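Engineer: Sharing a sequence plus its predicted fold:
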Amino acid sequence: MGGFIGSHLCEKLMSETPHKVLALDVYNDKIKHLLEPDSLPWAGRIQFHRLNIKHDSRLEGLIKMADLVINLAAICTPADYNTRPLDTIYSNFIDALPVVKYCSENNKRLIHFSTCEVYGKTIGSFLPKDSPLRQDPAYYVLKEDTSPCIFGSIEKQRWSYACAKQLIERLIYAEGAENGLEFTIVRPFNWIGPRMDFIPGIDGPSEGVPRVLACFSNNLLRREPLKLVDGGESQRTFIYIKDAIEAVLLMIENPDRANGHIFNVGNPNNEVTVRQLAEMMTKVYAKVSGETVLESPTVDVSSKEFYGEGYDDSDKRIPDMTIINKQLGWNPKTSLWDLLESTLTYQHRTYAEAIKKSIAKPSAS
Ligand SMILES: NC(=O)c1ccc[n+]([C@@H]2O[C@H](COP(=O)([O-])OP(=O)(O)OC[C@H]3O[C@@H](n4cnc5c(N)ncnc54)[C@H](O)[C@@H]3O)[C@@H](O)[C@H]2O)c1
Ligand SMILES: O=c1ccn([C@@H]2O[C@H](COP(=O)(O)OP(=O)(O)O[C@H]3OC[C@@H](O)[C@H](O)[C@H]3O)[C@@H](O)[C@H]2O)c(=O)[nH]1
C-alpha cells in the first residue's frame with residue numbers, strides 16, 4: 001500500500017470514503033502526507049505497519065482484522081526481471097502465497113494485483129510482417145477470458161515476472177473454485193501518474209532503472225536525450241492513475257459484481273509507440289517547464305545495452321473493455337496529452353530544483 005498505486009488508492013479511500021485502511025509496506029514515503037500530521041481529517045482511519053509480507057508473524061493477525069485484503073506488493077520494474085529473476089519470481093509468486101492462504105482460511109475477500117504482462121506477446125506478432133491479418137483486432141486485442149498467455153523462451157528471463165504472476169492468478173482462481181475464496185484479479189495496463197517509481201540519483205539509486213515514465217522524466221529533467229530501446233517500436237496504452245483508481249474503487253464497493261472476475265484496467269484510446277510517447281513527453285515538458293527542446297531529443301539504444309541479457313518485450317497491449325464495462329460500468333476518461341501534462345507538471349515541480357542542485361554540486365565519490 002506504500003507504492004505508486006497504493007498511495008493513490010489510500011488517498012482516494014481517505015478523501016472520498018469512510019473506509020479504514022491498515023497499510024502494510026516496507027516503505028511509507030509515498031503515503032507520509034496521509035499519515036502526518038495527526039490533525040488530518042482522516043486521522044485514525046489510516047494506520048501504517050512497516051512489515052515485509054515475506055516473513056512477518058503479524059501478517060495473519062492483520063488480515064484477520066480486515067474485511068477486504070488488497071495485495072499490491074511486488075517487484076514490478078522490467079529492469080529487474082532479467083537481472084534479478086529469482087527475486088522477481090519469489091516476490092510475485094512465493095511471497096504472495098501466505099496472503100492468499102490467510103484470505104482463504106479466514107474467509108476474507110481478496111483483490112489481487114496481477115498485470116497485463118500475463119498476456120505476453122500478441123498472436124499477431126507471429127504473423128508475417130506484411131500479413132493483412134495484423135490489422136484485425138482478433139489478432140491483438142487482449143481479452144481476459146479468451147486470449148492466450150504467450151511468453152518467450154526460458155532464456156528470455158524478461159518473462160520471469162509474467163510467468164510468476166500467471167501462476168499466482170491460477171492459484172487464486174483455483175482457491176476460488178475449490179475452496180470458495182472470494183477474489184478479484186486486476187490486470188493493470190501501464191497506469192501512470194505522479195509518484196510513479198523514482199528519479200535516479202534524487203529519490204532512488206543513481207544506477208537504478210525505473211519504468212518508462214520515470215526514465216523519460218529523468219532524461220527531460222536533466223536535459224538528456226530520451227533513450228529508445230530497440231527503436232521504440234513497441235506499443236503501449238497508457239492510463240491515468242486517477243482513472244484507474246476509480247475502477248478499483250468500484251471493485252471495492254461492489255463485491256457482488258466484482259468477485260470471481262479478472263479485469264483488464266487500461267485505456268484502449270491512448271495507444272502510442274514508445275517513440276511517439278517520447279515525442280509527446282518532450283513537447284509537453286517544454287510546455288510545462290518553459291525550456292527549449294534539445295536538437296536531438298531521442299537516442300537509440302539496444303535492449304542488451306539498456307537492460308542486459310535476457311530482455312524481451314511485449315509488442316502491443318490493447319485491453320478489451322467488455323467485461324469491466326459490463327460488470328462495473330467503468331470507462332477511462334483522460335487523454336494521453338492531458339495525463340502527461342498533469343504528470344510532468346508534478347515531475348517538474350517536485351524534482352527540477354533538486355536536479356539543478358545535484359548537477360551543480362556532484363556528490364563526493
Ligand atoms: N503501475 C502499473 O502500471 C502496473 C502494471 C501492472 C501491474 N502492476 C502491479 O500493481 C502492483 C503495484 O504496482 P505499483 O506500480 O504501485 O508498484 P510499486 O513498486 O510502486 O509498489 C509496490 C509496493 O510493494 C512494496 N513491496 C514489495 N515487496 C514487498 C514485501 N515483500 N513486503 C511489503 N511490501 C512490499 C514496495 O515497497 C512498493 O511500495 C504490483 O503488484 C504490480 O505488479 C502495476
Ligand atoms: O528509457 C526507457 C525505458 C523503457 N523503454 C521501453 O518502454 C516500454 C515500456 O517500458 P516500461 O518500463 O513502462 O515497462 P513495460 O510496459 O514493458 O512493463 C510494465 O508493464 C506492466 C507492469 O506489470 C510492470 O509495471 C511492467 O512490467 C518498453 O518497450 C521499454 O523497452 C524505453 O524505450 N526507454
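Structural biologist: Nice, thanks for sending it over. Residues are numbered from 1 along each chain as shown. Ligands and ions are numbered 1, 2, ... in the order given.

Engineer: dump the residue contacts of the nearest residue to residue 321 once chain neighbours are set aside.
Structural biologist: Spatial nearest neighbour of residue 321, excluding adjacent residues (Cβ to Cβ, 6 or more residues apart in numbering): residue 268 at 6.2 Å. In short, each C-beta sits where N, CA and C put it, glycine included. When the contact criterion is Cβ atoms under 8 Å, 6 or more residues apart in numbering, the partners of residue 268 are 141, 237, 318, 319, 320, 321.

Engineer: same deal with residue 6?
Structural biologist: Listed by Cβ under 8 Å, 6+ apart, the contact set of residue 6 reads 23, 25, 30, 31, 72.

Engineer: Next: residue 288.
Structural biologist: Contacts of residue 288 were listed using Cβ under 8 Å, 6+ apart, and they are 341, 344, 345, 348.

Engineer: okay but the first one is in contact with residue 287, surely?
Structural biologist: In this case it means residue 341. Yes. Using Cβ atoms under 8 Å, residue 341 and residue 287 qualify as a contacting pair, with a distance of 7.3 Å.

Engineer: show me the residues around the residue in the stretch 1-150 of the chain positioned nearest to ligand 2 that make contact.
Structural biologist: Taking Cβ to the nearest ligand atom, ligand 2 has its nearest neighbour within the stretch 1-150 of the chain at residue 115, 3.3 Å off. Under the criterion of Cβ under 8 Å, 6+ apart, the contact list for residue 115 reads 76, 161, 162, 165, 187, 188.

Engineer: Give me the pLDDT value at it.
Structural biologist: In the predicted model, residue 115 carries a pLDDT score of 98.

Engineer: cool, and residue 228?
Structural biologist: pLDDT for residue 228: 98.

Engineer: Within the sheet, what are the partner strands of the helix or strand hosting it, with directions?
Structural biologist: In this assignment (DSSP states H and E), residue 228 forms part of strand 226-229. Partners of strand 226-229 in the sheet, by DSSP bridges, are strand 298-301 (parallel).

Engineer: hmm, the strand it pairs with in reach of ligand 2?
Structural biologist: No. Judged by Cβ under 6 Å from any ligand atom, strand 298-301 stays clear of ligand 2, getting no closer than 7.4 Å.

Engineer: what about the strands in this structure?
Structural biologist: Along the chain, the stretches classed as strands by DSSP state E are 21-25, 46-50, 68-71, 109-113, 141-142, 183-188, 191-192, 226-229, 235-237, 239-240, 261-265, 271-273, 298-301, 318-319.

Engineer: Which of those strands sits closest to residue 88?
Structural biologist: Go through the strands of the chain one by one with Cβ to Cβ and the one that ends up closest to residue 88 is strand 109-113, at 14.9 Å.

Engineer: I would like the residues contacting that closest one, please.
Structural biologist: With contacts defined as Cβ under 8 Å, 6+ apart, strand 109-113 is touched by 5, 67-72, 74, 96, 99-100, 103, 168-169, 172, 181-186, 188, 248, 251-252, 255, 258-259.

Engineer: one more time with 7 Å, if that's ok
Structural biologist: Outside strand 109-113, the residues within contact range by Cβ atoms under 7 Å, 6 or more residues apart in numbering are 67-72, 100, 103, 172, 181-186, 188, 251, 255.

Engineer: are any of these buried, and which?
Structural biologist: With neighbours counted using 16 or more other Cβ atoms under 10 Å, the contacts of strand 109-113 contain these buried positions: 69-72, 100, 103, 172, 181-186, 188, 251.

Engineer: What number of residues are in the vicinity of the residue nearest to residue 150 when sequence neighbours are not counted?
Structural biologist: The shortest distance from residue 150 to any residue other than its chain neighbours is 4.2 Å, reached at residue 120 (Cβ to Cβ, 6+ apart). The criterion is other Cβ atoms under 10 Å. On that basis, residue 120 has 23 neighbouring residues.

Engineer: Could you report the distance from residue 120 to residue 164?
Structural biologist: Using Cβ to Cβ, to the nearest Å, residue 120 is found at 13 Å from residue 164.

Engineer: same deal with residue 285?
Structural biologist: Using Cβ to Cβ, one obtains 35 Å as the distance from residue 285 to residue 164.

Engineer: Just the pLDDT for residue 360.
Structural biologist: Taking residue 360 on its own, its pLDDT is 88.
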